[in-house]
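Chemist: Here is the input, now give the coordinates:
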Amino acid sequence: MRGVLTGFGVIAVVIGVGYLIGRRRYLGDNGREVLTKLAFHVATPALLFTTLAQADLSVVLSSRLLITALSTAAAAGVFVAVALVRRWDVGATTIGALCSSYVNAGNLGIPIAVYVLGDASLVAPVLLFQQIVVTPIALTVLDLSGSGEKRPVWQRVTTPLRNPVAASSLCGVMVAATGVTVPGPVLDPLILIGNMSVPAVLLAFGISLYGSALPGRGPDRRPVLLSAVLKSVGQPLVAWALGALVFGLHGAALLDVVVTSALPAAQNLYTYASRYRVAERLARESILLSTMLSVPGLVVVAAFLG
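Modeler: Just a heads-up that it's a prediction; the model follows:
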């Protein structure tokens, strides 16, 4: 219980500072854009590389990873199915599917894993799956749908390799898989730069909230509400059903997978939406709403399964 409140408290304070920065205009008119570009092109790639380069890849073979993959696919699949029926555009569908299934495993998942689950490494399967599989696929779709021009086949095939977030994740996995030790003089500056990622994302998110309406009331109300409900209710329920009824998990193991699935949508999804200038309002409102809904949700999960 304390871990849930602590994790949300930390995030709320940083987002609140970002809101004040936007209100006071300390960073001028382009502060949010600068922070977003810093996070996407520099800080987040450094953070992902240093995290994954030192990760234990044996977690990839765990049942937790399979449950994560299936629950993610289920939540995203429902959103995509509705989007096809409603004829929403590709960009908004991609961002909405991410907001329905992509959990905040980094800046919120780690403190909750430490204080609630007692082991920060328990979020590793989620982090690895999202960065190795989900992120490259989603950003490739955004890359290919964002331009109307016809591009050579080799450019389409190598799209993930030319995206800084996806490329850094793949490089980190390669280093971990080969067992190569990155020298301290190389790794330490990357760690220092990567430490800017989470604050930059949260501050940019806070700045974007200034002057914004309450979530779920604008023209994107339906996709916002759908993605928030799928993220906060649908995905945890699927994870519980898979863990308890299919994989026979119980006790702490079942609590682990349900808690990680009940985490809200990650703030860096707003960075992706801003970077590609697509469905920014949908991302912002969905993240905010799922974060608000996940507070009671995580408390309930911890109370019943803990």
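Chemist: Low-confidence regions, the chain specifically.
Modeler: In the predicted model of the chain, residues 1-5, 59-61, 107, 115, 118-121, 146-160, 212-214, 216, 306 satisfy pLDDT under 70.
Chemist: which phi and psi does the residue nearest in space to the middle of it have?
Modeler: Centroid-nearest residue in the chain, with Cα atoms, centre = their mean: Ala266, separated by 3.3 Å. Phi and psi for Ala266, reported as degrees, to the nearest 10, are phi -70, psi 140.
Chemist: So it sits against Asn104, correct?
Modeler: Yes: assessed by Cβ atoms under 8 Å, Ala266 is found in contact with Asn104 at 4.2 Å. Every C-beta, even on glycine, is put in place using the N, C-alpha and C of the backbone.
Chemist: so who does the residue nearest to the centre of the chain touch?
Modeler: With contacts taken as Cβ atoms under 8 Å, 6 or more residues apart in numbering, Ala266 has the following neighbours: Tyr102, Val103, Asn104, Ala105, Gly106, Gln130, Ile287.
Chemist: On the three-state scheme, Ala105 is what?
Modeler: Here Ala105 is recorded as coil under DSSP: H, G, I helix; E, B strand; the rest coil.
Chemist: nearest spatial neighbour of Ala55, skipping sequence neighbours?
Modeler: Ala176 (5.3 Å; Cβ to Cβ, 6 or more residues apart in numbering).
Chemist: Report the two of the contacts of Ala266 separated the most.
Modeler: Using Cβ to Cβ, the pair of the contacts of Ala266 lying farthest apart is Gln130 and Ile287, separated by 14.8 Å.
Chemist: Tell me the spacing between Ser71 and Ala239.
Modeler: 4 Å (Cβ to Cβ, to the nearest Å).
Chemist: Centre of the chain to the helix or strand that contains Val13, how far?
Modeler: Using DSSP states H and E, Val13 falls within helix 2-24. When distances are taken as Cα atoms, centre = their mean, to the nearest Å, helix 2-24 is centred 17 Å away from the chain's centroid.
Chemist: Run through the neighbouring helices and strands of it.
Modeler: Packing contacts for helix 2-24, counted by 3 or more Cβ pairs under 8 Å, 6 or more residues apart in numbering; DSSP states H and E, involve helix 31-38, helix 109-112, helix 197-209, helix 280-305.
Chemist: same for the second one, what does it pack against?
Modeler: If I follow you right, that is helix 109-112. Applying 3+ Cβ pairs under 8 Å, 6+ apart, we find helix 109-112 packed against helix 2-24.
Chemist: wait, what's in contact with Gly16?
Modeler: Gly206.
Chemist: Tell me how far it lies from Gly22.
Modeler: 11 Å.
Chemist: Overlap in contacts, those two.
Modeler: Gly206.
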